[in-house]
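A.B. asks: quick one: sequence plus predicted model below, questions after.
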Amino acid sequence: MNTFRMSGGDAQELAPSKPMIAFNILILVLCVVVLVYFRGQAFVEGLGRIADGHVYLEVSNWDIPVFFSLPCFMVLIAILMLRFIGYKSEATVQKLLKISVVSAVLAIVIRLPIGYLNSNYLYSAGYSPCWELSSPSLMAPTVWVSNSGYCIPDSASVRGEILDWLDTQFGAGNLITPKEMAREVGNLQQIRGW
């Protein structure tokens, strides 16, 4: 909040404008919707791929912790709504902020054991991580393959195309061998001029 000095030297806080508060509420609501939709969809899709015995899985160790962080966003939305309607109790706001911080810290803390549990489960299900097919982006999901032969060296340049091709083949009921996948990687790289 901004402050200004009155003629007597007292400082007085300027409250944020209602349009700015409404804009912040909208941004936080959009964050919640995006997190729930995309991470929730990815989590459910990943479970379905495991059940179907798909050739590859994209697994993010943040899928479950994101749901633990949702109260953080919801509490911030509630605080902004209280500000929007002119609620003045700082004690209530401070209690809500503590809940928000606890939720955020909990999400970060459980990320490590979730990563460990994910890895153990996927290894026991016969999958292994493939860094060639995983995006190097921060917090991007790791690609796990059912056979290490699917992790083709130098396939990172056609990562998206080869994963789409695998989805199409699996959807059509075609069982792809690592040798066929390597041939497709070579074809895709040749088309791109690699």
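C.D. replies: Nice, thanks for sending it over. Residues are numbered from 1 along each chain as shown.

A.B. asks: chain center to stretch 111-128: distance?
C.D. replies: From the chain centre to the centre of stretch 111-128 is a distance of 17 Å (Cα atoms, centre = their mean, to the nearest Å).

A.B. asks: how about it: buried residues?
C.D. replies: Residues of stretch 111-128 classed as buried by neighbour count (16 or more other Cβ atoms under 10 Å): 111, 114, 115, 118, 119, 122, 127. Just so you know, the C-beta spots here come from the backbone N, C-alpha and C atoms, and that holds for glycine as well.

A.B. asks: redo those as TSV? Include secondary structure.
C.D. replies: Output for the buried residues of stretch 111-128, formatted as TSV (DSSP: H, G, I helix; E, B strand; the rest coil):
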residue	secondary structure
111	helix
114	helix
115	helix
118	helix
119	helix
122	helix
127	coil
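
A.B. asks: show me which of those residues is closest to residue 176.
C.D. replies: Closest approach between the buried residues of stretch 111-128 and residue 176, by Cβ to Cβ: residue 127, at 15.6 Å.

A.B. asks: next, count neighbours for the closest residue to the closest one other than its chain neighbours.
C.D. replies: Ranked by Cβ to Cβ, 6 or more residues apart in numbering and with sequence neighbours excluded, the top spatial neighbour of residue 127 is residue 144, at 4.0 Å. The number of residues packed near residue 144 is 28, by other Cβ atoms under 10 Å.

A.B. asks: mind checking the SS state of residue 144?
C.D. replies: At residue 144 the chain is in strand, as set by three-state DSSP.

A.B. asks: now do the helices in this structure.
C.D. replies: 18-34, 40-52, 63-85, 90-124, 159-171, 178-192 (DSSP state H).
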